[in-house]
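*Asks:* generate a structure from the sequence data that follows.
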Amino acid sequence: MNYKIIKTEEEYQKNLARFAEIFDASEGSLDSDEADILALLIEKYEDVTYSIEAPDPIEAIKFRMEQLDMQTKDLANILNYKSRVSEILNRKRKLTLKMIRSLHETLGIPFSVLIQKY
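*Replies:* Numbering: from 1, shown residues only. Prediction:
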C-alpha cells in the first residue's frame, strides 16, 4: 500500500474503483486496512471538492416540513406562535432561541443550521 492525498478527479476515480473492489474485505485483513485508508482519503477529497453548504434555517424548516407532510398549522403548534409562523417563513421575523430549541427537538434540525444568519 502506497497512498497519497487525492488531488485529481482521475486519482479519485481510481481510488473509488479500488475501494469498491475491497469494500467487503474481512475485518483485520490487509484489504480491510487498505479500505479504511482509502475511505479516509476519498472522504477528504469529497469534502474539499464537493462541499455542500448547509441550507439557511428557513429553507431547512420548509424542507423538513415537506418531508413530514406538515402544514403551517402544524408548525404553529410546535412554535406556539400561530400568528408569527407566516412571518417567520417569509423571513419577516427571526427565530428566537425558544423556537430554535423547539424546532431542533421536534423536527430534528441541527442547531448549527438553525442558528445561521439568514
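*Asks:* check the gap between residue 2 and residue 34 for me.
*Replies:* 11 Å (CB to CB, to the nearest Å). Using the backbone N, CA and C atoms, a C-beta is placed for each residue, glycine as well.
*Asks:* for those two, indicate the residue with more neighbours.
*Replies:* Set side by side, residue 2 and residue 34 show more neighbours around residue 34, with 17 against 3, by other CB atoms under 10 Å.
*Asks:* residues contacting residue 89?
*Replies:* Residue 89 makes contacts with 58, 61, 62, 72, 75, as judged by CB atoms under 8 Å, 6 or more residues apart in numbering.
*Asks:* any idea which element residue 73 lies in?
*Replies:* helix 72-79 (DSSP states H and E).
*Asks:* send me that helix as PDB with only the CA atoms.
*Replies:* Extracted as PDB, the C-alpha positions of helix 72-79 are listed here (Å, rounded to 0.1, in the frame of the first residue of the first chain):
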ATOM      1  CA  THR A  72     -48.300  25.700   8.500                       C
ATOM      2  CA  LYS A  73     -50.700  25.000  11.400                       C
ATOM      3  CA  ASP A  74     -48.500  22.000  12.500                       C
ATOM      4  CA  LEU A  75     -45.500  24.300  12.600                       C
ATOM      5  CA  ALA A  76     -47.600  26.800  14.600                       C
ATOM      6  CA  ASN A  77     -48.300  24.100  17.200                       C
ATOM      7  CA  ILE A  78     -44.600  23.400  17.500                       C
ATOM      8  CA  LEU A  79     -43.600  27.000  17.900                       C
END
